[in-house]
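A.B. asks: Quick one, what's the 3D model for this:
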Amino acid sequence: MTAAEIEAHKNEDNLKQLLFQLKKKLERIALGGGQKKIEKEHEKGKLTARERIAYLIDKDRPFLEIGALAGEGMYPEEGGCPAGGVVAGIGYVSGRQCMIIANDATVKSGAWFPITGKKNLRAQEIAMENRLPTIYLVDSAGIYLPLQADIFADKEHFGRMFRNNAQMSAMGITQVAAIMGSCVAGGAYLPIMSDEALIVDGTGSIFLAGPYLVKASIGEDVDVETLGGATTQCEISGVTDNKYPNDKACLDAIKRIFDKLGEPERAGFNRIEPQLPKLNPEEIYQIIPYDRTKPYNMLEVIKRIVDNSEIDLYKENYGKTLICGRARIDGWAVGIVANQRTVVKSKKGEIQMGGVIYSDSADKAARFIMLCNQQKIPLVFFQDVTGFMVGSRAEHGGIIKDGAKMVSAMANSVVPKFTIIVGNSFGAGNYAMCGKAYDPRLIFAYPTAQIAVMSGASAAKTLLQIQVSSLKAKGENISPEQEQKLLEEITNRYNAQMSPYYAAARLWVDGIIDPLQTRQVISMGIEAANHAPIQKRYNVGVIQT
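C.D. replies: Next comes the predicted model:
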């Protein structure tokens with residue numbers, strides 16, 4: 001076996017181990033609050049959030065979950081908050097692509113943690129950007145009071161969701177809500193601000209204040225059903241539209257609603273009959289190195305994702321640390337911008353490090369992005385970037401100006417953008433390659449991703465120097481052994497924060513995926529984006545050429 005073959009096997013073993021760990025995490029998260037809580041829901045005659053979605057969606061079509069890892073490891077004192085206490089994703093109901101958001105009553109009775117609010121807002125953002133009809137499966141006890149200060153009053157908190165309800169309705173985005181459990185206090189506005197509100201008899205209830213609060217506030221004794229059960233809200237108040245005997249009957253009604261929706265407008269992105277890659281996609285496992293500092297050929301990864309393994313490269317021999325080119329993914333025309341991780345030579349014969357963006361690369365990318373906007377081609381970014389080139393030569397060559405040109409062209413893009421974080425995503429490279437702050441329609445990471453201001457080694461050494469200097473300024477002496485221990489502590493803490501799980505828990509990415517899912521994610525994303533005709537004119541503003 002050659003050295004290259006040994007290295008390929010190491011890469012494959014490493015990535016498969018990472019994928020096994022991901023699978024186990026997702027299996028645990030799928031249980032929500034645990035098997036006992038699931039059984040309690042069944043005893044009440046209710047389905048769980050995931051069971052409701054599984055029954056609702058078309059069986060022959062995929063479901064793309066958004067934020068499955070939200071909240072992971074964030075609330076240990078509260079007993080955890082699997083999936084942020086809500087299941088969300090893009091699926092198909094009666095043949096129509098839509099956003100589905102379902103409260104998980106097995107997690108703190110569906111109460112809203114801060115990350116729950118953030119995840120709901122992300123799901124609504126995706127629906128609004130792509131004009132996706134939205135289904136809310138409501139089963140929540142309202143805000144989790146011990147953490148109310150972190151979810152109640154700010155712009156991106158709980159109330160923003162109802163503002164989005166109103167704006168989505170005004171935009172003509174169909175919203176259907178099913179009250180399938182508790183729906184109390186401010187949360188009661190979500191289903192009633194939707195276009196249609198259904199309720200399950202016997203388990204669904206909706207009111208601004210529950211029986212205990214009513215008793216405490218005005219002294220009235222009233223039971224749940226009389227106060228806000230299905231009969232009350234359908235036959236007396238008219239708050240809800242129709243009631244159904246059980247979860248499945250209610251979900252069947254939603255299917256019938258979606259079966260009759262009119263056809264949406266289309267953005268008109270180009271699609272032809274899909275073709276599978278000629279090269280084996282599973283070889284990606286062997287290409288992406290287990291050692292994140294090692295070079296590899298990103299073009300070989302791309303060829304195992306795009307249709308027929310074909311990509312038409314743009315300025316192939318210029319700005320070689322960025323790959324730009326047109327291709328197709330599942331039949332959809334795409335413009336690809338990707339960091340090249342091999343060590344290459346510039347046109348001047350200079351050696352350029354892989355994963356670094358140089359002036360010529362930034363210039364090339366800016367021009368390519370503008371071209372894709374002119375030609376109405378969605379953009380896909382594959383990130384494995386350590387940042388922009390630094391040093392006197394780069395500064396004298398105007399790296400800041402060229403970097404700003406690329407960022408401006410990307411930030412003002414009017415065609416939909418999609419981002420896959422393959423490896424490193426450091427510093428301004430994250431921004432230039434369409435990180436979360438630059439509104440990708442979807443952003444997913446591979447298990448090999450690392451997201452931070454700079455690499456762990458560089459950051460740890462910098463932080464160590466600061467801490468050692470601070471200690472010496474106080475007159476404290478530090479031995480080489482203490483310094484090494486301090487370096488290890490800083491490195492471990494920083495590396496934990498670079499993990500894709502840390503990012504996914506905080507919704508910096510929409511999820512972590514197997515590289516083999518890349519085609520499906522991008523295809524579903526462009527299909528969603530095709531629901532939203534481009535209204536804005538592309539204008540990159542004032543940038544120096």
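
A.B. asks: looking at it, D402 is touching A365, isn't it?
C.D. replies: No: using C-beta atoms under 8 Å, D402 is not in contact with A365; the gap is 9.4 Å. In this view, the C-beta of every residue, glycine as well, is placed from N, C-alpha and C.

A.B. asks: more crowded one of those two?
C.D. replies: Each of D402 and A365 has its neighbours counted (other C-beta atoms under 10 Å); A365 has more, 30 against 27.

A.B. asks: Assign a three-state SS to the more buried one, would you?
C.D. replies: Assigned with DSSP: H, G, I helix; E, B strand; the rest coil, A365 falls in the helix class.

A.B. asks: In contact with it, which residues are there?
C.D. replies: Contacts for A365 were tallied using C-beta atoms under 8 Å, 6 or more residues apart in numbering; they are G319, L322, C324, V337, I357, M406, A409, M410, A432.

A.B. asks: Those: which two are farthest apart?
C.D. replies: Comparing all pairs in the contacts of A365 by C-beta to C-beta, the longest separation belongs to G319 and M410, at 14.9 Å.

A.B. asks: Low-confidence bits of this structure, can you list those?
C.D. replies: 346-349, 456, 541-545 (pLDDT under 70).

A.B. asks: for it, which helix is longest?
C.D. replies: Counting residues, the longest helix found in the chain (DSSP state H) is helix 3-29.

A.B. asks: gap between that helix and the chain center?
C.D. replies: 22 Å (C-alpha atoms, centre = their mean, to the nearest Å).

A.B. asks: And the next helix or strand past it?
C.D. replies: helix 35-43 (DSSP states H and E).

A.B. asks: list the buried ones in that following helix?
C.D. replies: Using 16 or more other C-beta atoms under 10 Å as the test for burial, helix 35-43 gives K37, I38, E41.

A.B. asks: repeat for stretch 473-490
C.D. replies: Within stretch 473-490, the residues that count as buried by 16+ other C-beta under 10 Å are L486, L487, I490.

A.B. asks: A177 is in contact with L198, correct?
C.D. replies: Yes: taking C-beta under 8 Å as the definition, L198 is a contact partner of A177 at 7.1 Å.

A.B. asks: The contacts of A365 in helices, which ones?
C.D. replies: Judged by DSSP H, the contacts of A365 include M406, A409, M410, A432 as members of helices.

A.B. asks: Select from these the one having the most neighbours.
C.D. replies: Busiest of the ones in helices among the contacts of A365 [other C-beta under 10 Å] is A432, holding 30 neighbours.

A.B. asks: for V415, what are its contacts?
C.D. replies: C372, N373, K376, I377, P378, L379, I534.

A.B. asks: in what helix or strand does the residue located most distally from the centre of the chain lie?
C.D. replies: Seen from the C-alpha centroid of the chain, the residue lying at the greatest distance (C-alpha atoms, centre = their mean) is G475, 47.5 Å away. Counting by DSSP H and E, no helix or strand carries G475.

A.B. asks: For my notes, please list the buried residues of helix 35-43 in TSV and give distance to I29 for each entry.
C.D. replies: Formatted as TSV, those follow (distance: C-beta to C-beta, whole Å):
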residue	distance to I29
K37	14
I38	13
E41	17
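
A.B. asks: Could you single out the nearest of those residues to D312?
C.D. replies: Of those, the one sitting nearest to D312 (C-beta to C-beta) turns out to be I38, at 50.4 Å.

A.B. asks: Please report how far the closest one lies from G32.
C.D. replies: Taking C-beta to C-beta, to the nearest Å as the measure, I38 and G32 are separated by 7 Å.

A.B. asks: between those two, what contacts are shared?
C.D. replies: The contact sets of I38 and G32 overlap at T48, T106 (C-beta under 8 Å, 6+ apart).

A.B. asks: Tell me the spacing between the nearest residue to M128 once chain neighbours are set aside and F152.
C.D. replies: Excluding its sequence neighbours, the residue lying closest to M128 (C-beta to C-beta, 6 or more residues apart in numbering) is M168, at 5.9 Å. Computed as C-beta to C-beta, the M168 to F152 distance reads 22 Å.

A.B. asks: ditto for I451
C.D. replies: Counting by C-beta to C-beta, the gap from I451 to F152 is 29 Å.

A.B. asks: ok, those two, which is more surrounded?
C.D. replies: I451 (22 against 16).
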